[in-house]
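Chemist: Okay, here's the prediction I keep looking at, along with the sequence it came from:
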Amino acid sequence: MDPNDLVLQYLDEAHATETALVTNLRAHIAMTTDAQYERLLKRHLSETQDQVAAIKVRRGELGEKDGRSLVAGAFGMAMDVAGQILVLTKGPLDAVRTTSQQERMLKNARDEAATEALEIALYDALEAAATAAGDSRTAKLAVDHRKQEEKMLGDLRKQIARLAVATFEDKTDTKAAATASTSRSSSGRSRSTSSSSSSSRRKAAGAKTSGSSSRTSASRSRSSS
Ligand SMILES: [Fe+2]
């Protein structure tokens, strides 16, 4: 097999995946009643549409140099990947019809996180294959896209923590005693260092340390709007 054809095959899979995700994101945006979560979905919809366009351009560039016949051969595999996305999302969507709106958004966010992990794996493989083929432009495309997926996955996890609390309160009619992770609950703003989370945990555990940790109480109060 021609090395460039393998790169093209992986590009096709990425294209199918991102195209499927555009559909999913649009559907999830339509279902969302949470402004913060909706902003994140809209941001990633725009990023994903740009990714589809960039992959299409790169496929065209490679397809002109190398055989297009292989692209058609990879179509079935690309459809398999798109199918995985639909399987990942369809079941939960069917199952949540009777659940609360909060829980529906939570389940959608969990599905999106799974999809982002799949995309990250696809771009890992694409970067490796492109690098092995000496195709630095495609490798760079893979790295650039993967960075966006990693950021989206991280941002989604923050939303999941928040939506899960809202779902808990909605379904149990009980106010949350505390939020799960002090380091993740604060509004999507970036954390300073990885060690800060363990230090704030220590502060929270031994709360008799002096008043410098207003973070602890701040992070405990949920953003309830
Ligand atoms: Fe993505």
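Modeler: That came in fine, so what should we check first? Residues are numbered from 1 along each chain as shown.
Chemist: can you pull the contacts of the closest residue to L41 other than its chain neighbours?
Modeler: In space, and not counting its chain neighbours, L41 is closest to I29: 4.9 Å by Cβ to Cβ, 6 or more residues apart in numbering. For glycine as for every other residue, the C-beta is placed from the backbone atoms N, C-alpha and C. Taking Cβ atoms under 8 Å, 6 or more residues apart in numbering, we find I29 in contact with 38, 41-42, 45.
Chemist: again, but for I120
Modeler: Per Cβ under 8 Å, 6+ apart, neighbours of I120: 146, 149-150, 153.
Chemist: go on, V52?
Modeler: V52 neighbours (Cβ under 8 Å, 6+ apart): 15, 18-19, 22.
Chemist: quick one: what helix or strand has it in it?
Modeler: Assigned by DSSP states H and E, V52 falls within helix 35-65.
Chemist: Kindly report the same for A180.
Modeler: Per DSSP H and E, there is no helix or strand for A180.
Chemist: burial count for I160?
Modeler: 22 (other Cβ atoms under 10 Å).
Chemist: Please verify my assumption that it contacts E112.
Modeler: No. Look at I160 against E112 with Cβ atoms under 8 Å: they stay out of range, at 9.1 Å.
Chemist: Overlap in contacts, these two.
Modeler: By Cβ under 8 Å, 6+ apart, no residue touches both I160 and E112.
Chemist: The helix of greatest length in the chain - contacts with which helices or strands?
Modeler: The helix that spans the most residues within the chain, counting by DSSP state H, is helix 136-172. Using 3 or more Cβ pairs under 8 Å, 6 or more residues apart in numbering; DSSP states H and E, the elements in contact with helix 136-172 are helix 3-31, helix 35-65, helix 101-132.
Chemist: farthest pair in the contacts of I29?
Modeler: E38 and L45 (10.2 Å; Cβ to Cβ).
Chemist: correct me, but N24 touches T115?
Modeler: Yes. Counting by Cβ under 8 Å, N24 does reach T115; the two are 7.0 Å apart.
Chemist: circling back to that earlier point, buried ones in the longest helix of the chain?
Modeler: 138-139, 141-142, 145-146, 148-149, 152-153, 155-168 (16 or more other Cβ atoms under 10 Å).
Chemist: tell me, which of these make contact with the ion?
Modeler: Within the set of the buried residues of helix 136-172, contact with the ion (Cβ under 5 Å from the ion) is found for E149.
Chemist: pLDDT weak spots in this structure?
Modeler: 64-98, 181-225 (pLDDT under 70).
Chemist: which parts of it sit against the ion?
Modeler: Neighbours of the ion within the chain, by Cβ under 5 Å from the ion: 119, 149.
Chemist: Of the contacts of V52, which is the most crowded?
Modeler: Using other Cβ under 10 Å as the neighbour test, the contacts of V52 are led by E18, with 26 neighbours.
Chemist: Verify the contact between that one and T48 for me.
Modeler: Yes. The pair E18 / T48 is scored as a contact, 5.4 Å apart, by Cβ under 8 Å.
Chemist: Show me whatever sits in contact with both of the two.
Modeler: Residues touching both E18 and T48 by Cβ under 8 Å, 6+ apart: none at all.
Chemist: ok, L40 - how many residues close by?
Modeler: L40: 20 surrounding residues under other Cβ under 10 Å.
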